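In: coords please:
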Amino acid sequence: MTEFTMPSLGADMDEGTLAEWLISPGDSVEKGDVIAVVETAKSTIEVECFDSGTVGALLVAPGTTVPVGTPMAVIAPATEPTPHAVAQQPTEPSRGFHPASAHAAAQDDAVSTPLVRHLAQEKDIDLSTVHGSGRGGRITRADVEKAASHQRRRVPASPLARSLARSLDVDLATVAGTGRNGTVRADDVRAAADDHAARVHGPHTLATGPSAEPTPAAPPVLPSVKSQPHTTTAGVTSARAAIAALMTRANREIPHYYLSTTVDLATAMTWMLDRNANRPVGERLVPAALLLKSVALAARQVPELNGYWKDGAFVPAGGVRLGIAVSVRGGGLAAPALANPDTLLLPELMAALRDLVSRTRGGRLRASEIADPTLTVTNLGDQGVETVFGVIYPPQVALVGLGCVVERPVAVRGMLAVHPTVTATLSADHRASDGATGARFLTALDRLLQRPEEL
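Out: The predicted structure is shown next:
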């Protein structure tokens, strides 16, 4: 018998709040199944089970905040009888999925995970009618989402509006479209989200005394967006406070050094445009894919920057887990990890990146995607920033900054030409490496981008 404990979801996490159970006592679970949703100061994370077996007892009630390492549930091996521990049940009822019968539960367990069963219940989907596309006919989240989409009328909407609706948890069927033939536009989604926030929260004012004048209302906070941080003090969110504490620690403890280089992207961009010519719009590559793949390969070639500073020494990582800095609604910041991007084909990396960013902003990250990035990349190119020098996320020892692609005059074989370029920067920990090591990394990055066909 094992205990499922509150996991550590980042170097700056000391405690977490159980938002929701996706399981009930008696449910069968497998290692890797998502069984709980945990809120941290920075985001909401879907947490996977560490063992396979049968849920014996739930020890923590939803809404409870507990330190990292606190036992939250008992998991009995499949061969052991499930303990009858009524006294150990949470003081508040779990919001996990409750099958209608033991037979239905056994049937669902064979083809789906706790998260999928919970999602099917929320969307009123009968799993027996869903075709599983996973290994061995296992029903996946995508299968349930597809079944749900077939059940509801497809609302005419722009691609941006659909993406924004997912991020803001807005039901497109409730939005009045102002576009041609009633098509829902992005502005319509934003207006619907703001209207919902105004109805839920109403106006807000801050006062410093009896005679204080009302201040303008704070920006709307949408409780349905799981990644939205909570307000702790006037103007300071819990996510902002967590980021402030971590960055203060990083600046205090890590002796940073900084390097930068300008990379000529003419060859890479020409190659990318040639590849995109015969691809559907939704599958076309973007410069970010080439840049991230190059960073991942450079990290593999210069392992001194791919790892952690722990107990006064550098610990190299066994593989590359690239942290991607993503801004979330409300001003927060998350850095989920892409696992082994150095081994992915560019189309696979593109798909993985889109999925990761979408779920980050929708508050649907997995615990495995938060834990232990080996090197973080911050890319502010979409904001028009040309150069960014970031702060290292401890216990990592380096951070790569990427700016926007801009056209600059460059010298080519003694002639002046205008080429697309990008400024790549490196913030590195002087305890773990020196400038010569950082220079090797940036040189490797440049070299890789001059040979895009090898990415």
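In: Report pLDDT for residue 230.
Out: Note on residue 230: pLDDT of 47.
In: quick one, strands of the stretch 1-150 of the chain?
Out: 2-5, 15-21, 28-29, 34-39, 44-48, 53-58, 65-67, 71-76 (DSSP state E, counting those that start in this stretch).
In: The shortest one packs against which elements?
Out: Counting contacts by 3 or more C-beta pairs under 8 Å, 6 or more residues apart in numbering; DSSP states H and E, the secondary-structure elements packed against strand 28-29 are strand 53-58, helix 102-111. Just so you know, the C-beta spots here come from the backbone N, C-alpha and C atoms, and that holds for glycine as well.
In: wait, what's in contact with the residue nearest the centre of the chain?
Out: Closest to where the C-alpha atoms of the chain average out (C-alpha atoms, centre = their mean) is residue 360, at 3.2 Å. Listed by C-beta atoms under 8 Å, 6 or more residues apart in numbering, the contact partners of residue 360 are 43, 227, 326, 328, 334, 336.
In: Looking at the residues you listed, which are in strands?
Out: 326, 334 (DSSP state E).
In: which one of the contacts of residue 360 is nearest residue 60?
Out: Residue 60 has its nearest neighbour among these in residue 43, at 19.3 Å by C-beta to C-beta.
In: before we move on, the earlier item: sticking with the residue nearest to the centre of the chain, tell me its helix or strand.
Out: helix 346-361 (DSSP states H and E).
In: quick one: buried residues of that helix?
Out: By 16 or more other C-beta atoms under 10 Å, the buried positions in helix 346-361 come out as 346, 349-350, 352-353, 356-357, 359-361.
In: returning to what we had before: show me the beta-bridge partners of the residue nearest to the residue nearest to the centre of the chain when sequence neighbours are not counted.
Out: Using C-beta to C-beta, 6 or more residues apart in numbering and skipping the chain neighbours, the partner closest in space to residue 360 is residue 326 (4.6 Å). For residue 326, the beta-bridge partners are residue 334 (DSSP bridges).
In: From what I see, residue 326 and residue 337 are in contact.
Out: No - in this structure, residue 326 is not within contact of residue 337 by C-beta atoms under 8 Å, at 11.2 Å.
In: neighbours around residue 283, how many?
Out: 11 (other C-beta atoms under 10 Å).
In: now do residue 164
Out: Neighbours of residue 164 using other C-beta under 10 Å come to 23.
In: Out of the buried residues of helix 346-361, flag the one nearest to residue 8.
Out: Nearest to residue 8 among those, with distances taken as C-beta to C-beta, is residue 360, at 18.7 Å.
In: so how far is residue 45 from that closest one?
Out: According to C-beta to C-beta, to the nearest Å, residue 360 stands 10 Å off from residue 45.
In: next one: residue 20
Out: From residue 20 to residue 45 the distance is 11 Å (C-beta to C-beta).
In: Common neighbours of the two, please.
Out: residue 37.
In: For these two, indicate the residue with more neighbours.
Out: residue 45 (31 against 18).
In: Verify the stated contact: that one with residue 370.
Out: Yes - using C-beta under 8 Å, residue 45 is in contact with residue 370, at 5.8 Å.
In: worst average pLDDT in the helices and strands packed on strand 28-29?
Out: helix 102-111 (a mean of 47).
In: quick one: low-confidence parts of the stretch 301-450 of the chain?
Out: 329-332 (pLDDT under 70).
In: Let me see the ranges of the strands in it.
Out: For the stretch 301-450 of the chain, the strands defined by DSSP E, counting those that start in this stretch cover 307-310, 313-316, 321-324, 326-327, 333-334, 337-339, 365-366, 375-379, 398-402, 406-412, 415-429.
In: now, of those strands, which is deepest in the fold?
Out: strand 398-402 (a mean of 26; mean count of other C-beta atoms under 10 Å).
In: Which other helices and strands does it contact?
Out: So strand 398-402, by 3+ C-beta pairs under 8 Å, 6+ apart, packs with helix 287-301, strand 375-379, strand 415-429, helix 435-449.
In: one more time with 10 Å
Out: On a contact count with 3 or more C-beta pairs under 10 Å, 6 or more residues apart in numbering; DSSP states H and E, strand 398-402 meets strand 256-264, helix 287-301, strand 321-324, strand 375-379, strand 415-429, helix 435-449.
In: per the record, what domains does the chain have?
Out: 2-151, 159-201, 240-454 (automatic domain parsing).
In: Mind checking the pLDDT average for the second one?
Out: Just to be clear, that refers to domain 159-201. 76.
In: That one: how far from the chain's middle?
Out: 23 Å (C-alpha atoms, centre = their mean, to the nearest Å).
In: The chain should start at 17 in everything you say after this.
Out: All right, first residue 17 from here; so that's domain 175-217.
In: and the angle for whatever helix or strand residue 288 lives in with strand 431-445?
Out: Residue 288 belongs to helix 282-292 when assigned by DSSP H and E. Per axes from the mean of the first three to the mean of the last three C-alpha atoms, to 10 degrees, the angle that helix 282-292 makes with strand 431-445 is 90 degrees.
In: ok and helix 282-292 relative to strand 422-428, angle-wise?
Out: Using the same axes, to 10 degrees: helix 282-292 against strand 422-428 is 120 degrees.
In: List the contacts of residue 438.
Out: Residue 438 makes contact with 277-281, 284-285, 303, 306-307, 395, 397, 402-403, 418-422, 424, 465, according to C-beta atoms under 10 Å, 6 or more residues apart in numbering.
In: Can you flag the buried ones in the residues you listed?
Out: 278-281, 284-285, 303, 306-307, 395, 397, 418-421, 465.
In: so how far is residue 155 from residue 52?
Out: 20 Å.
In: Correction: the previous question concerned residue 86.
Out: Residue 86 is 32 Å from residue 155, by C-beta to C-beta.
In: Could you check which of those two is surrounded by more residues?
Out: Taking neighbours as other C-beta under 10 Å, residue 86 and residue 155 compare with residue 155 leading, 25 against 16.
In: Isn't that one up against residue 130?
Out: No - in this structure residue 155 lies outside contact range of residue 130 using C-beta atoms under 10 Å: 11.9 Å.
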